[in-house]
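# Please work out how this folds:
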Amino acid sequence: MNRVARSLLAVAVLCIVVSGVASGVARAQEVLYSSSIWFEGREEISGAYRIVRAEEGLLLELSRSFRTKDAPDLKVVLSPHRMEDSARSAGSQASNRNALEGGLVLGLLSSSRGAARFEIPAGTDFTRYRSVLIHCEEYSLVWGGADLVEGRLVHAGSSWVRKTNRIRGRWEIVAAGNTVRVRTGEDFDTRNAPDLKFVLSPRSASDNTDRTALQGGRILGLLSDHEKAQEVTVSGVDLSGFRSLLIHCQQYTKLWGGAELGGFEF
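Next comes the predicted model:
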């Protein structure tokens, strides 16, 4: 084999190796469910979870920013009950009494802070479950939980830029294909007004004004409430090119405020 042939063979082998590595990374990053919005039970929880299909199987991962109050026997549970008020969502609401009924215990939290991984049995039917709970089995108390939200957590935060009115509370954007969900936590609150809408803007929240809020933007839908948890689901949305999530009162042509889209890292 001459030098040219050896060089071509080396390049081919390198391409195969790189391709295999890239393929493995892609598989490892296939996100099935994720959320950063936790509903408080006994204690406050922050951070995020995601359920991924990796080379080693199905995994539930907690982000590096995960935090909650320490306690003995804290476990991660897939539950058929939802943490959100059952009056506004399908299914029963999780409670201390029913937290483990029909649930799948994934494992014990080794720490109440930081990243963690839990194996999920192969063949698990996720349609049976509605939430991820943190449960203290020793005290029979639900620490808190997050809804099982299909898709990849793309953006999340709790900081808002004030324009006309103050906004506070957690928010997130979860994408599944070309469908996006804008969700707020139970701590969300702003001044009530008619025709308040979620808007994606190509400008930063800081740079937007009453006049520019809708220019080049995408109206996602009406807020169902000026406070508490809610969700708007929209199809056919490409998030690339947008820099902020705004709350805009179209009837008064007033920009309430907005949040910068800075992504979310596990």
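# rest of the way, CA atoms for contacts and neighbours
Will do.
# per-residue confidence for Arg128?
pLDDT recorded at Arg128 is 96.
# Can you name the residues that contact it?
Pro80 (C-alpha atoms under 8 Å, 6 or more residues apart in numbering).
# how near is it to Ser79?
As judged by C-alpha to C-alpha, to the nearest Å, Arg128 and Ser79 stand 8 Å apart.
# Would you map the strands across the stretch 1-150 of the chain?
Applying DSSP state E, counting those that start in this stretch to the stretch 1-150 of the chain gives strands spanning 30-35, 39-40, 45-46, 49-54, 57-62, 67-68, 74-79, 104-108, 116-120, 131-136, 141-147.
# Single out the most deeply packed of those.
Among these, ranked by average contacts under mean count of other C-alpha atoms under 10 Å, first place goes to strand 131-136 (a mean of 27).
# Quick check: can you name the pairing partners of it and their directions?
Strand 131-136 pairs in its sheet with strand 74-79 (antiparallel), strand 141-147 (antiparallel), by DSSP bridges.
# Ok, which of those strands comes nearest Asp225?
Evaluated with C-alpha to C-alpha, the strands paired with strand 131-136 place strand 141-147 nearest to Asp225, the distance being 18.8 Å.
# so after that closest one, what's the next helix or strand?
Sequence-wise, the next helix or strand downstream of strand 141-147 (DSSP states H and E) is strand 152-157.
# which residues of the stretch 1-150 of the chain score low on pLDDT?
Within the stretch 1-150 of the chain, the stretches with pLDDT under 70 are 1-28, 84-91.
# could you dump the strands paired with strand 131-136 to TSV with distance to Glu55?
Below are the strands paired with strand 131-136 laid out as TSV (distance: least, C-alpha to C-alpha, whole Å):
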stretch	distance to Glu55
strand 74-79	21
strand 141-147	25
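# circling back to that earlier point, minimum distance to Gly185: which of the strands of the stretch 1-150 of the chain has it?
For Gly185, the closest of these is strand 39-40, at 7.3 Å, according to C-alpha to C-alpha.
# Show me what that closest one is packed up against.
Using 3 or more C-alpha pairs under 8 Å, 6 or more residues apart in numbering; DSSP states H and E as the contact test, the elements touching strand 39-40 are strand 141-147.
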